[in-house]
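Chemist: Following is a predicted model, sequence given first.
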Amino acid sequence: MKQLSRAQTAFLLTFLVILWGINWPLSKMALNYTPPLLFAGIRTILGGLILLLFALPRLKKLRFKETWHFYFISAFFNIILFYGLQTLGLGYAPAGLFSAIVFVEPVLLGIFCWIWLGESMYGLKIIGLFLGFAGVAIISASGFTGEISVIGIILALGSAIGWGLGTVYVKKAGDRVDAIWMVTIQLLIGGIFLLGAGTGFESWSMIKWETPFIINLAFISTFVIAFGWLAFFTLVGSGEASKVGSFTFLIPLIAILCSSFLLHESITLNLVVGLLFIVVSIIFVNMKLKSKKITDSGA
């Protein structure tokens, strides 16, 4: 894949961060019209079908008989756990708070990469990891006083763990599967599973097919899931993965601001202080990764 220009990179990063940030309050708003599992399944399948249009010209790279297990394992972590627990959890916690906890994922990813990918663990990265967990603890503290559901906190952490494990798995399998087919098939597989679970435990008659929900669903499926993942893999494929990682800390900030505006969610002192810890932690982790990358390139 050819290198992106600086303007193209800036545009895709801005698009990705804003869309993935606004996704949180929009998803919570959608839950007023639909049960969570059915919503997770519908939006994920729709996103996969849209992305399929971009994947079909690369059909020769699918090699499904040889690589099917990569798609299923990736779908389990990145879709079933990440999207499934995320959608369920939004019913138990404010969208801004929930996104702040989920986006400790880059911190968890540092631990997972150290364990399974052999990446170094010292200096700023260690400090960053401690600050990240401290931030989650500060944000989550009110959950044990009854102000925020403990179930919501657990589901948010589960969602973050699923995404972190899925990211490591995709990174390890990256040279054996096509990136566009990986995200397309995992969306379709995960979406079918979530839709099946929703059909078994929820009722389709509970979905209110009203105009606000249809617009919300179409927007999330198209821009957040399909084009969001397409932008992500375009950036990664052009060598911009480190920039994507360093900019993800902006997503919970946008989510909290949008949730405050759209859902009138309060911005508490615990949330602000805890989020500040998380932002600093992720910056520290990415600073170490970038400095190491520069060192390696110089060598």
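Modeler: Alright, I've got the coordinates.
Chemist: how many neighbours does Leu155 have?
Modeler: For Leu155, the neighbour count with other Cβ atoms under 10 Å is 24. Every residue, glycine included, has its C-beta placed from N, CA and C.
Chemist: likewise the one 4 residues further on?
Modeler: For Ser159, the number of neighbouring residues by other Cβ under 10 Å comes to 26.
Chemist: And the next helix or strand past the helix or strand of the chain with the lowest mean pLDDT?
Modeler: Least confident helix or strand of the chain, by mean pLDDT, DSSP states H and E, is helix 241-247 with a mean of 58. Using DSSP states H and E, the helix or strand that follows helix 241-247 towards the C-terminus is helix 250-262.
Chemist: Helices along the chain, start to end?
Modeler: For the chain, the helices defined by DSSP state H occupy 6-30, 36-55, 64-75, 82-89, 95-102, 105-116, 124-140, 150-173, 179-201, 211-219, 228-237, 241-247, 250-262, 269-298.
Chemist: So which of those helices has the densest surroundings on average?
Modeler: helix 95-102 (a mean of 28; mean count of other Cβ atoms under 10 Å).
Chemist: In terms of secondary structure, what does that one contact?
Modeler: helix 6-30, helix 82-89, helix 124-140, helix 150-173, helix 250-262, helix 269-298 (3 or more Cβ pairs under 8 Å, 6 or more residues apart in numbering; DSSP states H and E).
Chemist: Let's test this: mean pLDDT of it, rounded?
Modeler: The average pLDDT within helix 95-102 is 83.
Chemist: Could you check the angle it makes with helix 6-30?
Modeler: Interaxial angle, helix 95-102 versus helix 6-30 (axes from the mean of the first three to the mean of the last three Cα atoms, to 10 degrees): 120 degrees.
Chemist: Keeping just the C-alphas, turn helix 95-102 into PDB.
Modeler: Presented in PDB, the C-alpha positions along helix 95-102 are these (Å, rounded to 0.1, in the frame of the first residue of the first chain):
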ATOM      1  CA  ALA A  95     -21.400   6.500  27.900                       C
ATOM      2  CA  GLY A  96     -18.600   8.900  28.700                       C
ATOM      3  CA  LEU A  97     -17.500   6.900  31.800                       C
ATOM      4  CA  PHE A  98     -17.800   3.600  30.000                       C
ATOM      5  CA  SER A  99     -15.600   4.700  27.100                       C
ATOM      6  CA  ALA A 100     -13.000   6.100  29.500                       C
ATOM      7  CA  ILE A 101     -12.600   2.600  31.100                       C
ATOM      8  CA  VAL A 102     -12.700   0.800  27.800                       C
END
